[in-house]
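> Pasting the sequence and the predicted coordinates here, then a few questions.
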Amino acid sequence: MEMNVLNMLIPMTLNGLIITIGVFVITLVVSIPLSLVVALLRMSKNKIVSSIMGGYIYIMRGTPLLLQLMFIFFGFHYVPVIGYAFSRYQAIFIAFIINYTAYFAEIFRGGINSIDVGQYEGAAVLGLSRTHTFIKIIMPQVIRNVIPSIANEVITLVKDTSLVYILGVSDILKAAKAVSNKYSSFSPYIYIGVVYLAITAVLTRVLNRIENKFNYFR
Amino acid sequence: MALTVENLSKNFGKTTVFKDISFTVDRGEIVCIMGKSGEGKTTLLRCINNLETVDSGSIKINNLYLCNEVNGKIQYASKENMKEIRQEMGLVFQNYNLFPHMTVMENILEAPLFLKKTNRKDIEKRANYLISELELKDKENNYPYQLSGGQKQRVAIARACMLNPSILCFDEPTSALDESTRSQISKIIRNLASQNIAIIIVTHDNAFVEEISQRVITLSNGSISE
């Protein structure tokens, strides 16, 4: 029976992997740069802008991602004036991007705040512009400081991609569920657990390399 | 005069740091600003370097006003003038504030390459000259964490000198240095003064002041005496 389980599970898992990896990559590629902008707006001296960003981050961190997915797909078109019916995939990408942007933004904000004021002053007395100071002096130090926290979120993101099942999209966990139901067996879940561990192992290795690359200074 | 300070006052809230202080520093002169901890020596240095705002009075660098009191209101230099003033001033911080992710050479080259006053070849030539003058020849590819306190101090001096300032300020330059490194730094500072640079040193190191200063300004209870 185990062969039958595998024969059904493998192609379904490969199809599910496209969704899992797709959601993972698009969320990272869009939310990391976006989160830097949100972090800077959150730190803005303009209290209105800062408060709006604070509210957005509060909502994103204060409610489950599952609820956000459901709201964007099932509930957003009921919102007056701006309501719109998103497709399944649009809802998935929007929910993941806005949720992870909020988490990454807080990590970047902490990273930027951790830089000693002396670095800004050192740059100012040398006549460096604020933009140049931020890009060439502050950001390399911020990136080094935030890599461990970002890495943590990246690994959480892999596992969070399984939440897309709520909108009826087949990721690798849903593939396991389908096979498990058909053969009344728990083993598909174990195989999928191994797939998650393999993805996490590869990511951990890549993230460690990036971390080591930025460890050339103290 | 390289630096003219007139009737300068600075408060932090209701606390007066200094009030109506005036002094001048000429090119080639070494002036030490002394005083007990908390008397406002570093704040004064920070005001001169535009890292703090002042409440009244004026600061003139060569012929340009960094700030000036007009009709009872402080006016700071325009963006263009500020750029010029910045290049006339250099500051060596107490904790150096080197950029930790850049090598010694990169730290030294960063500002002149950004400001593009001359071409890269000339900038590198001057950097190499300063590196050998300040005995950093074998350290140019090291990162700040790989340097001793004295070496970091010399990198900070080289970095500040790259823009050919007419005034160079030092905040507690000997606070973390041993006897022999201190002598080395005082030799470097004297050499800079001989190149017609006005040197302003904030310190409470009496031995260092005796060794190096041509004039001492004492800051006490918010006013100065010479």
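That came through fine. Bear in mind the structure is a predicted one, so any value in this text is a computation, not a measurement.
> tell me the contacts of residue A:92?
Listed by CB atoms under 8 Å, 6 or more residues apart in numbering or on different chains, the contact set of residue A:92 reads A:23, A:69, A:73, A:164, A:167, A:169. The C-beta positions use only the backbone N, C-alpha and C, and glycine is treated the same way.
> The same query, at a cut-off of 10 Å, please.
Taking CB atoms under 10 Å, 6 or more residues apart in numbering or on different chains, we find residue A:92 in contact with A:19, A:22-23, A:26-27, A:69, A:72-73, A:86, A:161, A:163-164, A:166-167, A:169, A:171.
> any idea which element whatever residue of chain A ends up closest to chain B lies in?
At 3.3 Å from chain B, residue A:122 is the closest residue in chain A, using CB to the nearest CB. According to DSSP states H and E, residue A:122 maps onto helix A:117-125.
> and the residue nearest to residue A:107 when sequence neighbours are not counted, what pLDDT?
Spatially, and ignoring its direct neighbours in sequence, residue A:107 is nearest to residue A:149 (4.6 Å; CB to CB, 6 or more residues apart in numbering or on different chains). Note on residue A:149: pLDDT of 97.
> Report the buried residues of the strand or helix carrying residue A:149.
Taking DSSP H and E as the criterion, the element that holds residue A:149 is helix A:139-160. Under the neighbour-count criterion of 16 or more other CB atoms under 10 Å in any protein chain shown, helix A:139-160 has A:139-142, A:144-147, A:149-151, A:153-155, A:157-158, A:160 buried.
> quick revisit: could I get the contacting residues of the residue of chain A closest to chain B?
Residues in contact with residue A:122 (CB under 10 Å, 6+ apart) are A:116, A:128, A:133, A:137, B:91, B:93, B:95-99, B:107, B:110-111, B:156, B:159.
> Compute the number of surrounding residues for residue 52.
All of this is about chain A. When neighbours are counted by other CB atoms under 10 Å in any protein chain shown, residue A:52 registers 14.
> um, chain B though
Counted by other CB under 10 Å, the residues lying close to residue B:52 total 15.
> and residue 59, what pLDDT?
Defaulting to chain A. At residue A:59, pLDDT is 98.
> That was the other one, I meant chain B.
Per-residue pLDDT puts residue B:59 at 97.
> Please identify which helix or strand holds it.
Here residue B:59 sits within strand B:56-61, counting by DSSP H and E.
> Okay, angle between whichever strand or helix holds residue A:95 and helix A:139-160 too, please.
Assigning secondary structure by DSSP H and E places residue A:95 in helix A:88-113. For helix A:88-113 against helix A:139-160, the angle by axes from the mean of the first three to the mean of the last three CA atoms, to 10 degrees is 140 degrees.
> returning to what we had before: and the strand holding residue B:59, which strands flank it?
Strand B:56-61 has the following strand partners under DSSP bridges: strand B:3-12 (antiparallel), strand B:64-70 (antiparallel).
> May I ask you to name the longest helix in chain A?
helix A:2-42 (DSSP state H).
> which secondary element of chain B has the worst mean pLDDT?
Scoring the helices and strands of chain B by mean pLDDT, DSSP states H and E places strand B:223-225 at the bottom, with a mean of 86.
> same for it, what does it pack against?
Contact here means 3 or more CB pairs under 10 Å, 6 or more residues apart in numbering or on different chains; DSSP states H and E; on that basis strand B:223-225 packs against strand B:15-25, strand B:215-220.
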